[in-house]
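J.: show me how the following folds:
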Amino acid sequence: MGLKQIARLMVVLAVAMCSIAAPASARDYLLEDRTCVGGGASVDEAFSIPTKALDCSAMRFANRSHFVRTHADVYSLPETASHEHVWQTDPASFDSMLVRFTYANGEQRLVDVDHQMAVRNWSPDTSFNIPVPDTGAKLIAIDTVIERPRTFNVAKAARLVSAEIARQEYYSRSLVFALVCGLLLVPFIFDFLFLRMLRSRFIAWHAGMTLGALGFVFFNSGLVFLLFPAMPLELRYQANTITLTFAVACAVMFVLEIAEEGVISEQIRNVLLALTAFMVGTRFAAMFDFEPWRVLVHNLHMMSLVPLGIAILVAIGVAFKRRSRAAIFLLVAFVPMAIGGIAALLLALSMVAAERAVTDFLLWSLVLLVLATSAAVGDRFMVLRVERDRANIHAIKMQRMALSDALTGVSNRRAFDSLGTIPEGQALIIADIDHFKAINDERGHLMGDAVLADTATRMRRVLVDYRGADIFRLGGEEFAVVVPCSDRISLREIAESLRRAVDGGKRRRADDLAAVTISIGGALGHGRNLHDVYADADGALYRAKQAGRNRVVIAGER
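T.: Here you go, the predicted model:
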């Protein structure tokens, strides 16, 4: 089955889930279809609007009056005479709320809802409970007056629920949300560990996206009130939308960073950044509670997610078409979230029912988003780690080549010059092959190269027992040795060992190799500058040559 068929199947399943119009149980009633809306300049004016004068059209919840009045006729609902019911809605943010319950015997009960009541009686899925007063009579209508609601959902999301179901949902769905928070916490911890090993921006953006998603679930579900029971309702509302905005912005940057270089064009990248900036801008504007844009800016912010989501899918699709490895993971991560977003938009437009099914689909799509992108992070991390290790190995090889003499395999003049000083407890030996020019002239440069390589090999064998010793070819037939040594007697012994190892008159050479000897000059370092120690050792070498060659002279000896 191809990706197109899978996407179509997921759309069908999502639409099927969202089209289930039946309530969760016989005692869980959505009131949206039974609710009409009006508005006024005061509580009394709003309550005094005749029921027949209220707006029952499809756009009724868009009422932006200072005081929004709702009326829900529940007379035809069964079992509403029982006192075991609660009224629920989305608290979001509001200034004040009055709920009036009307009974068949003409009695009315008024409940004044303040912010603390909404916090104390919180319920999972961004709602709170108000117990329906028990009068012994059948409940026939529920009216509310909401002062300055920040979103349409405060009036739209009302439902009448059995108190027993509400209690069951409180525990079961709280556990589900706690489980989701735990699932989201694990990738964040792994991101933190990955960042310690590989400083890469896509890991940081994924950590931000995961943290934002975790915060959104924590605030949106109401779990925040378990830890902070006195948290203001307005702060919870702001934190809810801010964490969502932060998660989406980080998701965009994560997509741009994890995709291989060149697979997402500059035009698409600029569009994504512009739409993200617009989304962040509308969220920032919503923080200022000005009356002219009280509800409008919130809706504009939510609507800004639509073109941004489309642009993300386009970017991922382009990356997939260009055979991006990361795009496979991104498709699995973002397509279900996009389907859930479409379903939520249709729900907001009252084109589908089954709000709980849509909420659950979005919740688990969010978990899939984080887990699938975590797999993308892990895959990309391994690829980059392998590439970095290969680059480091290559760099080490290149560095060794740059500091090594190709002919003899010992260190070169560049490595020697980088020493800077000869520390206390070390000494410098300068060795020069005697009459080397004659070898080149009489037996050719190939023989000369062979003599150089053989000389370096023989010197290296002597120095195996001296930990920290290093050999350098300074150029031509001249070698330098830095060796651990703290006195002239030991230095002379080491230098003599080198001279004897190379002395062609005492050692048989393979392949008819020309016999050579070396002259050596040595000097103790005493922590001095390299050039000063070299001058002393070179002067000693000069005296060794003047004295007849094939001998050792140590600077400072008499």
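
J.: surely Thr102 is within a strand?
T.: Yes. Checked against DSSP: H, G, I helix; E, B strand; the rest coil, Thr102 lies within a strand.

J.: quickly list what it is bridged to.
T.: Beta bridges link Thr102 to Gln108, Ala141, judged by DSSP bridges.

J.: which residues touch it?
T.: 108, 139-143 (C-beta atoms under 8 Å, 6 or more residues apart in numbering). To be clear about C-beta, it is placed using only N, CA and C from the backbone, and glycine gets the same treatment.

J.: pipe the residues you listed into TSV and attach neighbour count, pLDDT and distance to Arg167 per row.
T.: TSV is the format used below for those (neighbours: other C-beta atoms under 10 Å; pLDDT from 0 to 100; distance: C-beta to C-beta, whole Å):
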residue	neighbour count	pLDDT	distance to Arg167
Gln108	12	94	27
Leu139	25	91	19
Ile140	18	92	25
Ala141	17	94	25
Ile142	23	95	21
Asp143	21	96	26
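
J.: return the member of the residues you listed nearest to Glu477.
T.: Using C-beta to C-beta, Ile142 comes nearest to Glu477 of these, at 104.4 Å.

J.: could I get the full set of helices for the stretch 251-400 of the chain?
T.: Per DSSP state H, counting those that start in this stretch, the stretch 251-400 of the chain carries helices over the ranges 266-286, 296-303, 305-321, 325-348, 355-402.

J.: and which of the contacts of Thr102 is nearest to Ala480?
T.: Closest to Ala480 out of the contacts of Thr102 is Ile142 (96.4 Å), distances taken as C-beta to C-beta.

J.: now the contacts of Thr102 in CSV, with distance to Ala178?
T.: Formatted as CSV, these follow (distance: C-beta to C-beta, whole Å):
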residue, distance to Ala178
Gln108, 39
Leu139, 33
Ile140, 38
Ala141, 37
Ile142, 31
Asp143, 36
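
J.: and these, which is closest to Cys181?
T.: Nearest to Cys181 among these, with distances taken as C-beta to C-beta, is Ile142, at 33.1 Å.

J.: quick one: low-confidence parts of the chain?
T.: 1-27, 79-83, 293, 345-356, 384, 387, 395-396, 399-402, 504-511, 558 (pLDDT under 70).

J.: now stretch 140-151: how far from the chain's centre is it?
T.: Its chain's C-alpha centre and that of stretch 140-151 lie 41 Å apart, by C-alpha atoms, centre = their mean, to the nearest Å.

J.: likewise for stretch 382-397?
T.: Centroid separation between stretch 382-397 and its chain, computed with C-alpha atoms, centre = their mean, is 22 Å.

J.: and the contacts of it?
T.: Under the contact criterion C-beta under 8 Å, 6+ apart, stretch 382-397 has outside partners 197-198, 200, 325.

J.: how about that stretch as PDB, C-alpha atoms only?
T.: The C-alpha trace of stretch 382-397 is given here as PDB (Å, rounded to 0.1, in the frame of the first residue of the first chain):
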ATOM      1  CA  MET A 382      23.500   8.200  14.200                       C
ATOM      2  CA  VAL A 383      24.100   9.400  10.600                       C
ATOM      3  CA  LEU A 384      25.800  12.600  11.800                       C
ATOM      4  CA  ARG A 385      27.700  10.700  14.500                       C
ATOM      5  CA  VAL A 386      29.100   8.300  11.900                       C
ATOM      6  CA  GLU A 387      29.900  11.200   9.500                       C
ATOM      7  CA  ARG A 388      31.600  13.200  12.300                       C
ATOM      8  CA  ASP A 389      33.700  10.200  13.300                       C
ATOM      9  CA  ARG A 390      34.700   9.700   9.700                       C
ATOM     10  CA  ALA A 391      35.600  13.300   9.500                       C
ATOM     11  CA  ASN A 392      37.600  13.200  12.700                       C
ATOM     12  CA  ILE A 393      39.500  10.100  11.500                       C
ATOM     13  CA  HIS A 394      40.200  11.800   8.200                       C
ATOM     14  CA  ALA A 395      41.300  15.000  10.000                       C
ATOM     15  CA  ILE A 396      43.600  13.000  12.200                       C
ATOM     16  CA  LYS A 397      45.100  11.200   9.200                       C
END
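
J.: quick revisit: closest to Arg60 among the contacts of Thr102?
T.: For the contacts of Thr102, the nearest to Arg60 is Asp143 (14.3 Å; C-beta to C-beta).

J.: look up the closest residue to the closest one, ignoring the ones flanking it.
T.: Spatial nearest neighbour of Asp143, excluding adjacent residues (C-beta to C-beta, 6 or more residues apart in numbering): Arg100 at 4.3 Å.

J.: now Ala163
T.: Excluding the flanking residues, the one nearest Ala163 by C-beta to C-beta, 6+ apart is Glu84, at 4.3 Å.
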